[in-house]
Structure formats: structure tokens, C-alpha cells
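**Q** Structure, please.
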Amino acid sequence: MERWLSILASADVLFDVDWYAPAELPRNAPRLRWVQATRSGVGEHLRRAGLDRSPIVFTTCAGVHAAPLTEFVLLGLLYFIKEVPFLRDEQARRSWAPAPTRVLAGRRVLVVGLGGLGRHIARTLSGLGVEVWGMRRSSGATPEGVARQVDRAAFRAALGDVDALVLATPNTTETHHMIGQAEFAALRDGAILVNISRGTVIDEAALVDALAGGRLAGAALDVVEHEPLAPESPLWSMPNVLLAPHRMSIVEAENGLIVDLFVENLRRFLDGQPLRNVFDPVRGY
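**A** Sure thing, here's the model as predicted:
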């Protein structure tokens, strides 16, 4: 520990946050000017440690996990649209009964959060013939692949016009429990929910009620409100739930991509250029 503290005391740049004593980072590293985090959602951790109020610049690895998380979005949508649970049951019963199937193309999906991840999802879904609506905190030009932008005031009304809701928004005070009983009631019957943001964006009790009552066709969840998911949670055994234990962003190339981002930012830091993915303590991401 003494050696680590000695290294910290002389550091100008840190690759990832000091997990031993994050709240003491400004005192233990008085020369520190910039920290490159190794995850996208660092806001909650920085707030708990009080680091969001420090003069240290933090950058996130937003965008690094866009491809694998987009693939999970596709998996979740197709899992329920193609009725995979039903197909598995039919296979187990050795039942061969051809019937019409549904398609993803032509459906309307609302993506909440149009950062790097949300934009990647929008482009991918649009390329597959999906009509993508998007919602984000800030205004601006409509991103590629987004047919319509929805503001927060029109969000609940828009839920009744979409076939699926994809959550790719950061975890902030504004997004905490933004999807609750009223939002599930506003969704059209048979809608699909995919959450790749943070579990706290959803009121989980309201989610369980919507699933149990058949309001939702299904939910594909990479995250839940309290992790790890409690053994007694009904989400484990619900046939209309696809659970991934917060692992869909973890891929073999992840470390290399994060290092590449750090190297690019280090060049920018040394050249006095703006860094990529600077954390904004006001927005919380």
C-alpha cells in the first residue's frame, strides 16, 4: 500500500479510478489532472466518493460497448417477436405445427438515450427496416437512423405508439425510476422492453406487475435494480423474461478497445487537445 500511495502522489494521469480509497483521491494524488475510467457509467461511483465535485477531469469509455450491447438489443427483440420461448416448448413436446411468424422489420422502436450507444442501436435497427424513434436529454440534429425525436414532455404519450422500448440512457437523478407503473400502462399491449442502461431506470416492482399481468410481451434485461438479482425474485422464473447477468458488454476485445481509447486520449492530453468522453458532473454522465 505504501508503494501504491507513493505512485499516486506523483501521478498526473490515472488509468481507472483508485478503488482502494476513491474518496481520498484528491488528497492522495495532489498532482492528478485526469482519470480515464474503464466503464461508461461512472456517475454514481463518482458521486458516492464526492469526486464529481473535485477539479480532476474524468473521462468514460462510452461507446466501447456499443456493438455487443446492440447485439443484445437485437437478441431481445427477436427473442420475443419470433416467440423463442414458445418454439422451445414446441420442440420439447416434439410438436411440428407450422404457423405464421412475425417480423421485426416494419415495427416501431423507441430508443431512450441517444449517446454513442443509442445512436449505434438506431443505425442498426433502421438498417433492418425498423422505424426508430429516439429520446434524449438535449436537443439537436436528428441522429442517423432516427425517424422521429421525442422530447420528455411527449414521452409518455409516445409509448402507446411503439412496439418496443429500448433503454440506453445513463443513470442520473432524472432517469431514476423513469419507467414505472404509469409508463407501463401507457405502453401498447404486447410491447417489448429491453434494458441495457441501469436497473434503477426501471421501477422493478412495476415491471414485475406488468409482466405478470401480460401487459408486456416480454423483457430482455442485462441489468436489474439490485445486483446480483435476489434468488427469490420472480424475474428468475418468468417465461416472458430474458435475463443476462450484466455481462452483455463483456467481450474478448473489451480491454483492447478501452486501452485504445486511453491511448488516443493520452495523445490528446499531451497535445493539449479536448479529451473524448469527458464526464459532466451536472448531467451525471
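**Q** Name the next helix or strand downstream of the helix or strand that contains Gln91, please.
**A** Secondary structure assignment for Gln91, by DSSP states H and E: helix 84-92. Next in sequence after helix 84-92, counting helices and strands by DSSP H and E, comes strand 108-112.
**Q** what's in contact with the helix or strand just after that following strand?
**A** Tracing the chain past strand 108-112, the next element assigned as helix or strand by DSSP H and E is helix 116-127. Applying CB atoms under 8 Å, 6 or more residues apart in numbering, the external contacts of helix 116-127 come out as 40, 62-63, 65-67, 69-70, 73-74, 109, 111-112, 114, 132, 134, 136, 143-147, 166, 168-169, 196. Yep, even glycine has a C-beta here, placed from its N, CA and C like the rest.
**Q** could you check the angle strand 108-112 makes with helix 116-127?
**A** Computed with axes from the mean of the first three to the mean of the last three CA atoms, to 10 degrees, the direction of helix 116-127 lies at 170 degrees from that of strand 108-112.
**Q** can you tell me the average pLDDT over helix 116-127?
**A** For helix 116-127, the per-residue pLDDT values average out at 97.
**Q** With stretch 260-270 instead?
**A** Across stretch 260-270, pLDDT averages out at 98.
**Q** can you list the residues that contact that stretch?
**A** By CB under 8 Å, 6+ apart, the surrounding residues in contact with stretch 260-270 are 13, 15, 34, 36, 59, 61, 63-64, 273-277.
**Q** Let's see that with 10 Å instead.
**A** Counting contacts by CB atoms under 10 Å, 6 or more residues apart in numbering, the residues outside stretch 260-270 that touch it are 12-13, 15-16, 33-34, 36-38, 57, 59-64, 253, 273-278.
**Q** Okay, buried residues for the lowest-mean-pLDDT helix or strand in the chain please.
**A** Using mean pLDDT, DSSP states H and E, helix 43-49 stands out as the lowest-scoring helix or strand of the chain, at a mean of 91. Of all the residues in helix 43-49, those buried under the rule 16 or more other CB atoms under 10 Å are 43-46, 49.
**Q** Ok, stretch 188-203 next?
**A** Neighbour-count burial for stretch 188-203, with 16+ other CB under 10 Å as criterion, is recorded at 191-203.
**Q** re earlier: can you redo the buried residues of helix 43-49 as CSV with distance to Ala157?
**A** Written out in CSV, the entries for the buried residues of helix 43-49 read as follows (distance: CB to CB, whole Å):
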residue, distance to Ala157
Gly43, 28
Glu44, 30
His45, 35
Leu46, 34
Ala49, 39
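**Q** So which of those is the closest to Leu221?
**A** Leu221 lies nearest to Glu44 out of these, by CB to CB, at 18.4 Å.
**Q** you'd agree that closest one is up against Gly284?
**A** Yes - checked against CB atoms under 10 Å, the pair Glu44 and Gly284 is within contact range at 8.3 Å.
**Q** Overlap of the contact sets of those two?
**A** Joint contacts of Glu44 and Gly284 (CB under 10 Å, 6+ apart) are 52, 170-172.
**Q** Mind putting these into TSV with distance to Ala219?
**A** TSV is the format used below for the shared contacts of Glu44 and Gly284 (distance: CB to CB, whole Å):
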residue	distance to Ala219
Asp52	31
Pro170	20
Asn171	18
Thr172	22
